[in-house]
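Peer 1: Turn this into a model:
(one chain, ligands or ions: 2)
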Amino acid sequence: MQTTTESKIKETTQGAWNKRPLIVSGPCSAESEEQLVQTAQLLAATGMVDMLRAGIWKPRTRPGMFEGIGTKGLPWLQQAKKITGLPVTVEVATAKQVEDALHFDVDVLWVGARTTVNPFSVQEVADVLRGVDVPVLIKNPVNPDIELWMGAVERILKAGIKQVGLIHRGFSTFGNTDFRNSPMWHLAIEMKLRNPGMIMLCDPSHICGRRDTLMEVSQKAIDLDYDGLMIESHIDPDKAWSDAKQQVTPERLKEMLQTIIWRKEDTNSVEFHTALEKLRQQINHLDDELMQLLGQRMKIAEQIGRYKRDNNITILQTNRWNSIIEKAFKKGEGLGLSKEFITKYFDAVHMESINRQKKVMDE
Ligand code: PEP
Ligand code: MN
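Peer 2: Ligands and ions are numbered 1, 2, ... in the order given. Sure, this is the predicted structure:
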């Protein structure tokens, strides 16, 4: 039977899960009981943090790095929860880790990026979760593969877990970029669209890999309708045993959370809805026109395809295409359209046009 304290924490977890924005914070790794409890106390004192995170087992890319304190850190987490009342979450990657975490009353489990990438590991975690009532957060895989992310979600859902959430922590890329893990926002947005009703948190710490850009990425996530943030914090970030560069003090975290402009998905204001509706009608109208024009454009491409077929001419005409793109860049500049957008748009149009011409040629 559950004791009163246990059921109280359970209620807090439910409350935290449904709260928006949901703020999860804590050190990258649990290092000592003092470090964990002190961080938790300072985070709780901000009044803005809903859940405490701490890595107990750390899946480090290279051996020899600090690989986590292991099971002995779980009672510290229990202690931090007892003192602060914050529900706690840890990363799990094996059946044994799930069992240990649940044994020590961890409230929410999370699957890390290096685990999501491996269906064997995700399945092992899913199998041991069968019949267990615990919320699970699933980070994106390290590589930009949305199907792997979906696969992990499906495996956990199939195990009967009802509360599943997503964490966007960015994707590995080769070479130097401004990010430790490139956000590739479009993939996270696609994942959000595929899983309506599933909460999506952003983990700016692992996206940025540094402190100075955390705010910018956090604000972008909130602007994109994310449900909350998971941000690493440490009482003495520079001395952290893992991910020192990206961790912030609980005080800095509070400042950040106070600076972010929190946006909501909807409002009751009639004025806002009327104005928005008018603009949306204009957008719908323009979208219709664009579709009509694209349809016409493709019909002309088919005619061209017929001429090329009859005269044995190749579909792809590199010079012609380069001159179209050059002209579009120039024109786009005046219209406020970025080169990146024009490239994507014309690439899509060009591919469709090539497919249509190929179809005509093969007739
Ligand atoms: C972490 O949250 O500390 C962690 C290891 O994250 P990820 O799985 O995103 O690398
Ligand atoms: Mn970390």
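
Peer 1: Find the closest residue to ligand 2 in this structure.
Peer 2: Ranked by CB to the ion, the top residue of the chain for proximity to ligand 2 is Cys28, at 3.3 Å. C-beta: built from backbone N, CA, C; applies to glycine.

Peer 1: ok, the residue of the chain found nearest ligand 1 - contacts?
Peer 2: The minimum distance from the chain to ligand 1, using CB to the nearest ligand atom, falls at Gly112 (3.1 Å). When contacts are counted by CB atoms under 8 Å, 6 or more residues apart in numbering, Gly112 touches 59, 91, 93, 139.

Peer 1: The second one: what's it in contact with?
Peer 2: Contact criterion CB under 8 Å, 6+ apart gives 55-59, 109-112, 115 as the residues in contact with Glu91.

Peer 1: Excluding chain neighbours, what is closest to it?
Peer 2: Computed as CB to CB, 6 or more residues apart in numbering, the closest residue to Glu91 that is not its neighbour in sequence is Gly112, at 4.6 Å.

Peer 1: What's the mean pLDDT across whichever strand or helix holds Val122?
Peer 2: Assessed by DSSP states H and E, Val122 sits inside helix 119-129. Mean pLDDT, helix 119-129: 98.

Peer 1: Now the element after it, going C-ward?
Peer 2: Next element after helix 119-129 (DSSP H and E): strand 136-139.

Peer 1: other SSEs contacting that next one?
Peer 2: For strand 136-139, the contact count by 3 or more CB pairs under 8 Å, 6 or more residues apart in numbering; DSSP states H and E identifies strand 108-111, helix 113-116, helix 146-158, strand 164-168 as packing neighbours.

Peer 1: wait, does it contact ligand 1?
Peer 2: Yes - for strand 136-139, a contact with ligand 1 is found by CB under 6 Å from any ligand atom, at Lys139.

Peer 1: any chance of the helices and strands packed on strand 136-139 in CSV, plus mean neighbour count?
Peer 2: As requested, the helices and strands packed on strand 136-139 are exported to CSV (neighbours: other CB atoms under 10 Å):
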stretch, mean neighbour count
strand 108-111, 24
helix 113-116, 23
helix 146-158, 18
strand 164-168, 23
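
Peer 1: Of all those, which one comes closest to Gln303?
Peer 2: Among those, the nearest to Gln303 by CB to CB is helix 146-158 (37.4 Å).

Peer 1: gap between that closest one and the chain center?
Peer 2: Relative to its parent chain, helix 146-158 has a centroid offset of 14 Å by CA atoms, centre = their mean, to the nearest Å.

Peer 1: Compute the inter-axis angle for the helix holding Val122 and helix 146-158.
Peer 2: Put simply, helix 119-129 runs at 20 degrees to helix 146-158, going by axes from the mean of the first three to the mean of the last three CA atoms, to 10 degrees.

Peer 1: As a check, name the ranges of all strands in the stretch 1-150 of the chain.
Peer 2: For the stretch 1-150 of the chain, the strands defined by DSSP state E, counting those that start in this stretch occupy 22-26, 51-53, 88-91, 108-111, 136-139.

Peer 1: Show me what the mean pLDDT comes to for the first one.
Peer 2: Averaged across strand 22-26, pLDDT comes to 98.

Peer 1: Which strands and helices lie in contact with it?
Peer 2: Looks like strand 22-26 contacts helix 33-46, strand 51-53, strand 228-232, helix 250-259 (3+ CB pairs under 8 Å, 6+ apart).

Peer 1: Could I get these in JSON lines, plus columns for distance to Val125, mean neighbour count and mean pLDDT?
Peer 2: JSON lines is the format used below for these (distance: least, CB to CB, whole Å; neighbours: other CB atoms under 10 Å; pLDDT from 0 to 100):
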{"stretch": "helix 33-46", "distance to Val125": "24", "mean neighbour count": "19", "mean pLDDT": "98"}
{"stretch": "strand 51-53", "distance to Val125": "17", "mean neighbour count": "26", "mean pLDDT": "98"}
{"stretch": "strand 228-232", "distance to Val125": "19", "mean neighbour count": "26", "mean pLDDT": "98"}
{"stretch": "helix 250-259", "distance to Val125": "29", "mean neighbour count": "16", "mean pLDDT": "98"}
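
Peer 1: Sounds good, over and out.
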